[in-house]
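Engineer: My questions concern the predicted model and sequence given below.
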There are 2 protein chains.
Amino acid sequence: MSLSDVAREAGVSLTTASRALNDSYGVSAATKAKVLATARRLDYVISPDAVRLAGGPTRRVALVVPHIERWFFGEMVNGIERVLASANFDLLLYQVGGPEDRQDFFTRLPARRKVDAVVVVAFPVDQRERERLALMGVGIVAAGGQNADYPYVCIDDYHAGRLAVDHLLELGHRRIAMIAAHDPDQPGWPARSGRSEAYVDALTAAGIAVDHALVRDVDWGGINAAEAMADILEATPEDPPTAVFAHSDELALGAIRTLRRRGLRIPEAVSVVGIDDHPLAALTDLTTVHQSVREQGEIAARLVLDTLAPTPDGDAPTAVTAPTALVVRGSTGPAPDHARSLAASSDDPHPERSGRRPAVPAHPKET
Amino acid sequence: MSLSDVAREAGVSLTTASRALNDSYGVSAATKAKVLATARRLDYVISPDAVRLAGGPTRRVALVVPHIERWFFGEMVNGIERVLASANFDLLLYQVGGPEDRQDFFTRLPARRKVDAVVVVAFPVDQRERERLALMGVGIVAAGGQNADYPYVCIDDYHAGRLAVDHLLELGHRRIAMIAAHDPDQPGWPARSGRSEAYVDALTAAGIAVDHALVRDVDWGGINAAEAMADILEATPEDPPTAVFAHSDELALGAIRTLRRRGLRIPEAVSVVGIDDHPLAALTDLTTVHQSVREQGEIAARLVLDTLAPTPDGDAPTAVTAPTALVVRGSTGPAPDHARSLAASSDDPHPERSGRRPAVPAHPKET
């Protein structure tokens, strides 16, 4: 079975058949579909050599991801893959943990393969690496973190943090702990955490002094957050927190484990809020700030396509802020003192229970 | 900066420099390291054209994954990537959801790129697809599910199911519900579920008749499991289950949400056990059957390497069963009746509490 058989059966020239099978330009969608259907019917196996276009685009994009096994990165790759695969790109996946892996990646990238673009997922790119990429002349897009030299998509971390902390303040909490986390593989990144700044600003705006006994910054991971929560409780025996703002849902679940094991009921004794809306947040009734990571991946992929084929008017967006929204579930409720003071001035015999779900609308995904 | 500059600086011939940079054979590790270091120092950008070896191995492996965003697949890809990347392979990632995506993938694979091997992750390969792959002459490895025609790695699902159900039986439970799940994108696969067979056999061996009111098989997902749990409770108002065996941790967490929302305490009223040891199992104190998915990925990658370069004696393993182990945490305890009967014949005033953690050793990862 040869290419000429396919061409003859499809009723097109050899050149057209070749172009159609190579996803090359100059062939109508209808003709392309007809040739592909014929090739399929004849079980025609196209020789990879026939497809190699000398010097043209490779139709390959490299994804550089620190930790593919974590939900955030998996969702991001999921969104990127869906869009780029349907635009007929192949994805090369590189897991790049620490700075050494990263140097190796950037050094070897041009040697080992050619790609049209690189997507760096939640990942800093330093000056030397930028120069290297510029030398290669490939498009770069950043997803899930600001690398301001490149088109990027991310959420507004400060806004997300304010949604979480303001929610706790509105519930009457004044002793609010914070568990932040950094990726030990990316020291010093992000340089400033919008989520931490939001915490400080929200407390300050409410006239509450930041108590450093209530704040921990740990290596990323739920177990580390569980230990940080225990630390905070031990550091504040007289005046423990009534609420916890965790920088992510996994951290929040770690804090909850410690609280539950100590017999502290959630949310009656302590409220907990996270950020992400990880699928397990819905399963564990965790109040959180929703972000759609898959959509951010889709946006990143469209930024890649824009980079590779700029629109004629050249005004494609180069920085996209994805939306976030508070999702109130069962892990947050009125501050214990606040509930008692409400009870004193109310006819409701069960203010804790009736106050458990404040009148903040849940995210539409919640049923 | 040319290849001859690198060769001269490194004090090797042009051929040796080229071989070293191309990861080709016939160059000692020391020489290769020297050439690479020189190339790095000189910031030498290797032309991709110079690397292209006519007709040789591509050093590319395709990973075919149904759902990259789920923990199981992310961990698997993580393990595969670590081993294949250090053996200097590039990974092409293909997310292939339902049967149509799959047909498209297998049809286009030979047309669009050449790879040395394909790894199918938890994914059935049908007869026609097998023929297509045979025609291409590439190595195939299956990970996370038996595709018996190919080298594969997976756990023993039957054994994992027995560990979970036998644990509940030893705690005195006799009303044990089961929540199973299938991937709606892979209808009819697996044809027979070892985890369900284990449930039936374990109950039968204990002289307990299977009550179909206690069994649900849902589309994969925690929310579906939460609904199945509600269904089971509604179907058995007179004689509800005292324990639940869920086919995975995400399903178990869904069941727990329903139980908690109905005020049923875990494990005092209902015990729950899952399978996987998802990182959030430790955070939510879930008893489960541990499997190391990352290690299975590493094994799959080694099976790929064996496929590409068979050992001289040709006795490399072609089917690997990864170990599983029960990890007892706080979500399982004695059956309520069992606890009461123990109390009647014991001096211990709090049998529920003291019996909460049976003397089964926790997994060494637990602290």
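Structural biologist: Thanks, I have the structure now. Residues are numbered from 1 along each chain as shown, chains lettered A, B, ... in the order given.

Engineer: quick one, helices of the stretch 201-350 of chain A?
Structural biologist: With DSSP state H, counting those that start in this stretch as the criterion, the stretch 201-350 of chain A has helices at A:222-235, A:249-261, A:279-283, A:293-308, A:336-344.

Engineer: Pick the most deeply packed of those.
Structural biologist: helix A:249-261 (a mean of 25; mean count of other Cβ atoms under 10 Å in any protein chain shown). In short, each C-beta sits where N, CA and C put it, glycine included.

Engineer: who does that helix touch, helix- and strand-wise?
Structural biologist: Applying 3 or more Cβ pairs under 8 Å, 6 or more residues apart in numbering or on different chains; DSSP states H and E, one finds that helix A:249-261 contacts strand A:176-182, helix A:222-235, strand A:243-246, strand A:271-276, helix A:279-283, helix B:279-283.

Engineer: go again using 7 Å as the cut-off
Structural biologist: strand A:176-182, helix A:222-235, strand A:243-246, strand A:271-276, helix B:279-283 (3 or more Cβ pairs under 7 Å, 6 or more residues apart in numbering or on different chains; DSSP states H and E).

Engineer: Looking at those, spot the one closest to residue B:94.
Structural biologist: Of all the helices and strands packed on helix A:249-261, helix B:279-283 sits nearest to residue B:94, with 25.7 Å by Cβ to Cβ.

Engineer: quick one: low-confidence parts of the stretch 201-350 of chain A?
Structural biologist: Applying pLDDT under 70 to the stretch 201-350 of chain A flags the ranges A:310-316, A:338-350.

Engineer: Residue A:176 is in contact with residue A:243, isn't it?
Structural biologist: Yes. Here residue A:176 reaches residue A:243: they are 4.7 Å apart, a contact under Cβ atoms under 7 Å.

Engineer: Need the residues touching each of these two.
Structural biologist: Counting by Cβ atoms under 7 Å, 6 or more residues apart in numbering or on different chains, the common neighbours of residue A:176 and residue A:243 are residue A:168.

Engineer: Residue A:13: how many residues sit nearby?
Structural biologist: 12 (other Cβ atoms under 10 Å in any protein chain shown).

Engineer: check contacts around the nearest residue in space to it that is not next to it in sequence.
Structural biologist: Leaving aside its chain neighbours, residue A:13 sits nearest to residue A:7 (6.4 Å; criterion: Cβ to Cβ, 6 or more residues apart in numbering or on different chains). Going by Cβ under 7 Å, 6+ apart, residue A:7 touches A:13-14, A:17.

Engineer: go on, residue A:129?
Structural biologist: The contact partners of residue A:129, taken as Cβ under 7 Å, 6+ apart, are residue A:106.

Engineer: hang on, the earlier thing: please tell me how far the residue nearest to residue A:13 sits from chain B.
Structural biologist: Per Cβ to the nearest Cβ, to the nearest Å, residue A:7 is found 15 Å from chain B.

Engineer: Go ahead and produce CSV holding the CA coordinates of the helix or strand harbouring that residue.
Structural biologist: Taking DSSP states H and E as the criterion, residue A:7 maps to helix A:3-10. Output in CSV follows, covering the C-alpha atoms of helix A:3-10 (Å, rounded to 0.1, in the frame of the first residue of the first chain):
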residue,chain,number,x,y,z
LEU,A,3,0.9,6.9,-1.1
SER,A,4,-0.1,6.7,-4.8
ASP,A,5,-2.7,4.1,-3.9
VAL,A,6,-4.2,6.5,-1.4
ALA,A,7,-4.1,9.4,-3.9
ARG,A,8,-5.8,7.4,-6.6
GLU,A,9,-8.5,6.1,-4.3
ALA,A,10,-9.1,9.6,-2.9
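
Engineer: Quick check: mean pLDDT of that helix?
Structural biologist: In this model, helix A:3-10 has an average pLDDT of 82.

Engineer: returning to what we had before: got the contacts of residue A:7 as JSON lines, with pLDDT and distance to residue A:264 columns?
Structural biologist: Listed next are the contacts of residue A:7 as JSON lines, based on pLDDT from 0 to 100; distance: Cβ to Cβ, whole Å:
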{"residue": "A:13", "pLDDT": "78", "distance to residue A:264": "76"}
{"residue": "A:14", "pLDDT": "74", "distance to residue A:264": "75"}
{"residue": "A:17", "pLDDT": "77", "distance to residue A:264": "70"}
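
Engineer: which one among those gets closest to chain B?
Structural biologist: residue A:17 (11.9 Å; Cβ to the nearest Cβ).

Engineer: SS state for the closest one?
Structural biologist: helix (DSSP: H, G, I helix; E, B strand; the rest coil).

Engineer: try residue A:93
Structural biologist: Under three-state DSSP, residue A:93 comes out as strand.
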